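S.K.: Compute the structure for the input listed below.
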Amino acid sequence: MAEDVMTSTGIARHGATRLPSVDIDSFNIEIKDEDGFVGDRASKGAFRNIFERWRKPLRKSGKDPFGKESSDEISKKVLDEILVGEDTEASAVVHSAIEDFAQELAYVTRRFLRTKAWADTGCIVVGGGFRASRLGELAIARAEIILRDEGFEVDLVPIRYDPDDAGLIGALHLAPSWIFEAHDSILAVDIGGTNIRCGVVETGARKAPDLSKASVWKSDLWRHADDEPTREGAVKRLVKMLKGLIEKAEAEGFKLAPFIGIACPGVIDADGSIEKGAQNLPGNWESSKFNLPSSLIEAIPMIGSHDTAVLMHNDGVVQGLSEVPFMQGVEHWGVLTIGTGLGNARFTNRHKENGKKDKDKADDKSDDKKAKKKSKD
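M.R.: Numbers count the residues shown, from 1 in each chain. Below is the predicted model of the structure:
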C-alpha cells in the first residue's frame with residue numbers, strides 16, 4: 001500500500017487504499033445473485049417498490065389510504081408523519097414496507113459480511129439519503145436486530161452527520177495532517193447522479209484534533225439533472241461554484257487550505273480517471289480524455305498563495321470517512337450508503353497498528369532499562 005502515498009507531500013493518490021487514518025480494504029464491491037446485483041435489493045428504489053407492493057391489495061379494494069398519488073412521489077417526510085399519525089391503516093402499510101426493507105437490508109449486509117474483504121467487521125455505518133428519515137432509522141435498527149438474531153455480532157448505526165454534510169466532511173480525512181496545522185478549512189465536492197454539492201468544511205481541529213467537531217460552514221447545491229448539461233458545462237459550473245465559495249471564505253477570514261477533496265461515484269484510478277460507475281453523470285466521465293482533478297487544478301491553480309492539490313475518491317468511501325473519529329473503538333468497520341444504488345466500503349483503522357508499534361517500542365525500552373539496572377546490580 002506504500003505506493004498509494006506521495007512521500008513529497010503526504011497526499012495520497014486518487015482512489016488510494018491507504019489514507020492518513022485508515023486503510024480501505026474494499027469499496028464499490030458488486031456482489032451478484034440470480035436476480036442481479038445484491039445491492040439493488042437495499043436501494044432507495046427497492047423501498048419504493050416494496051411500499052407499492054403493500055398498497056396494491058388496498059388499491060384493488062378501493063381502500064388505499066394514500067389515494068392516487070404515485071408511491072415514488074410521496075416524500076419521506078410525509079411517510080415519517082404517517083408513522084405516528086392517526087390513520088392506522090396508512091401507518092400499517094408504511095410499517096409493513098419498513099419491515100420488508102429491513103429484511104432485504106439484513107440479507108444484503110449478511111452477503112457483505114461473508115466476503116473475505118468484510119471479515120471481522122465490528123460496526124457498519126448506514127448513510128445515504130434514505131437514512132435521513134425516521135423510516136430509514138427504523139429499517140436500520142430492525143436490520144441490526146435480524147442480524148444479531150442470526151448470530152452476527154455487528155452494530156448497524158445511522159451515520160451521525162446529515163448524509164449531505166457527511167459527503168463533504170469526509171473529504172477532511174483524504175487530506176494529510178500537515179494541512180490542518182496552518183489552515184482551518186478545506187473545499188469539498190460531492191458529485192452525484194442528480195446533484196453536485198460543494199462546500200467549505202471547517203476542520204474544528206483546535207477544539208478536537210481528531211476532527212470530530214468538523215462542520216460544513218457553507219455549501220452550494222446544483223441539480224444538474226434538471227439542466228442536463230454537457231460534461232464540459234458541468235465542470236464549468238463546478239469551477240464557478242468553487243470560486244464563489246473561495247471568495248466567501250476569504251471574505252469571512254477563513255484560512256482555507258490549498259486542497260480540494262472530491263467524492264465521486266465509481267472506481268477511481270490513481271491518476272484521477274474514472275474506470276467505471278459514472279454512467280449517471282452528465283456526459284462521458286469515463287473517457288480516457290477526461291480527468292476532473294486535472295481540470296480543476298487548471299481552472300483553480302492556486303488557493304491563497306499556495307498551489308492547489310486535489311484528491312478524488314469514491315463517494316461511498318468519502319461519506320464513510322466522516323465517521324473516522326467515532327469508529328476508534330473498533331478495528332474493522334464499514335459503510336453502506338442507501339441511495340439510487342448501494343454504496344459500500346470497508347475500513348481498518350491504522351491507529352491500532354501504530355499503537356501496537358508504540359507499545360512494542362515502550363516495552364523494548366522498559367526491557368533495556370531493566371537489563372541495564374540488573375547489570376549494574
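S.K.: quick one: residue 346 and residue 96, what's the gap?
M.R.: As for residue 346, its distance to residue 96 is 32 Å (criterion: Cβ to Cβ, to the nearest Å). C-beta: built from backbone N, CA, C; applies to glycine.
S.K.: scratch that, residue 189 is what I was asking about
M.R.: When residue 189 is compared with residue 96 (using Cβ to Cβ), they lie 39 Å apart.
S.K.: The two: which is more packed in?
M.R.: Per other Cβ atoms under 10 Å, whichever of residue 189 and residue 96 has more neighbours is residue 189, with 25 against 15.
S.K.: who's in contact with the spatially closest residue to the more buried one that is not a sequence neighbour?
M.R.: Nearest in space to residue 189, with sequence neighbours left out and distances taken as Cβ to Cβ, 6 or more residues apart in numbering, is residue 262 at 4.6 Å. Neighbouring residues of residue 262 by Cβ atoms under 8 Å, 6 or more residues apart in numbering: 171, 188-189, 191, 292-293, 296, 310-313.
S.K.: can you check residue 124 too?
M.R.: 109, 154-157, 333-336.
S.K.: could you redo the last one with a cut-off of 6 Å?
M.R.: For residue 124, the contact set (Cβ atoms under 6 Å, 6 or more residues apart in numbering) comprises 156, 334.
S.K.: Helix or strand for it, just tell me which one.
M.R.: Residue 124 is part of strand 123-127, with elements assigned from DSSP states H and E.
S.K.: could you say what helices and strands the following helix or strand past that strand packs with?
M.R.: As assigned by DSSP H and E, the chain's next helix or strand after strand 123-127 is helix 134-149. Secondary-structure packing of helix 134-149 (3 or more Cβ pairs under 6 Å, 6 or more residues apart in numbering; DSSP states H and E): helix 88-113, strand 155-158.
S.K.: Assign a three-state SS to the closest residue to residue 278 other than its chain neighbours, would you?
M.R.: Counting by Cβ to Cβ, 6+ apart, residue 278 lies nearest to residue 285, which is 4.0 Å off, once chain neighbours are set aside. Residue 285 falls in the coil class when you classify it by DSSP: H, G, I helix; E, B strand; the rest coil.
S.K.: Report the buried residues of stretch 17-36.
M.R.: Using 16 or more other Cβ atoms under 10 Å as the test for burial, stretch 17-36 gives 17-29.
S.K.: How about residues contacting that stretch?
M.R.: Residues contacting stretch 17-36 (Cβ under 6 Å, 6+ apart): 1, 4, 12, 37-38, 111, 117, 173, 176-177, 267, 314, 317, 324, 344-350.
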